[in-house]
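> Sequence and predicted structure are below.
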Amino acid sequence: MNGGPSGFHNAPVTRTIVIACALLTILVGIQGRSSTLGLSYQDLFRKHQLWRLFVSAFAFSSTPELMFGLYLLYYFRVFERQIGSNKYSVFIMFSMVVTSLFEILPLQLLKEPTLSRLASRPYGLIFSSFVPFYFDIPVTTRFRIFGFRFSDKSFIYLAGLQLLLSSWKRSLLPGICGVLAGFIYHLNVFGVRRIKFPGFVTSFFSRLSWPSSGRSPSRASRGNIVGSVPSIPGRQREGNYPPSAPLVSVVEPPENSIGTLVAMGFDRNSARQALVQARNDINVATNILLETQSH
């Protein structure tokens with residue numbers, strides 16, 4: 001299972017987060033400060049080192065955590081494509097702030113030495129993203145291994161479980177707090193899902209990020225997504241989508257696939273046309289619809 005077209009096309013905020021996490025983790029590792037990352041009761045309430053809330057926000061404590069963390073952050077770029085960079089920036093800010101607040105409470109209650117130091121983040125962002133992943137991303141394939149049933153989403157859950165248990169108590173609590181923050185966002189408490197940042201915030205991320213490889217879709221390709229299905233034989237869309245086929249050879253999309261896309265918030269007619277263009281591949285159809293919304 002993939003998160004859509006390869007690379008960071010239409011995901012400049014995710015690209016910035018991934019680059020920041022990689023660089024900060026490497027920098028902290030070179031300086032030998034990985035073991036001091038994260039939050040502790042002593043840092044926050046005795047030494048009043050609130051700067052740790054920000055310094056460790058994008059750095060992982062070890063190389064395995066970095067590998068799994070970057071993989072999940074890269075996959076979850078699909079949500080930025082779905083809701084747009086502006087709202088995704090709000091989601092990032094909300095998940096990190098709420099997760100930090102949830103972490104401070106048990107640190108105050110448990111104190112030392114019950115919970116010496118929590119793992120550094122971005123656990124809040126990663127585990128908050130599992131909530132929309134569970135509710136909004138459909139299962140496309142199922143299979144069995146040694147009699148156990150799995151789906152294409154199982155690998156993402158396994159990567160999350162590995163990260164959740166990577167440091168046991170240090171990582172377990174931040175992960176749980178991140179999931180709680182994700183549920184609060186999903187339930188739209190206080191109307192948080194309607195909040196938008198000023199336009200210059202997301203344009204800042206676009207300028208800050210490194211340029212993506214490859215060519216962006218042309219205007220002609222953008223017009224082929226919603227409203228009409230290309231009928232020119234042999235013509236192929238730019239990007240990672242399958243070539244368009246004549247209407248006479250198109251198989252009518254199944255109702256359950258259309259229903260899945262409608263449940264994700266897309267218009268029924270647009271969902272049907274995207275499935276026709278994607279030859280009933282629901283993942284490709286989702287990417288077509290998401291790319292359309294971004295323009």
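Received, thanks. As the structure is a computational prediction, the values presented were derived from the model and not from experiment.
> Just give the number of residues close to N256.
Residue crowding around N256 was assessed by other Cβ atoms under 10 Å; the count is 9. Every residue, glycine included, has its C-beta placed from N, CA and C.
> Against N280, how distant is it?
11 Å (Cβ to Cβ, to the nearest Å).
> Kindly report the same for Q82.
Distance from Q82 to N280, by Cβ to Cβ: 20 Å.
> Looking at these two, which one has more neighbours?
Each of Q82 and N280 has its neighbours counted (other Cβ under 10 Å); Q82 has more, 23 against 16.
> which phi and psi does that one have?
With angles defined as degrees, to the nearest 10, Q82 sits at phi -80, psi -50.
> What of the one 5 residues further on?
Dihedral angles phi and psi of K87 (degrees, to the nearest 10) take the values phi -70, psi -30.
> who's in contact with it?
Residues counted as contacts of K87 (Cβ atoms under 8 Å, 6 or more residues apart in numbering) are 193, 195-196.
> pretty sure S89 is touching T14, no?
No - in this structure S89 lies outside contact range of T14 using Cβ atoms under 8 Å: 10.4 Å.
> Between these two, which is the more surrounded one?
Neighbour comparison, S89 and T14: the larger count goes to T14, with 26 against 22 (by other Cβ under 10 Å).
> Distance of the more buried one relative to D267?
25 Å.
> show me where pLDDT drops low in this structure?
For the chain, the stretches flagged by pLDDT under 70 are 1-5, 33-56, 110-121, 200-250, 263, 265, 293-295.
> now the helices for it?
Assigned by DSSP state H, the chain shows helices spanning 12-30, 41, 52-55, 63-75, 77-83, 85-110, 123-136, 154-164, 169-186, 199-208, 219-222, 255-263, 268-277, 282-293.
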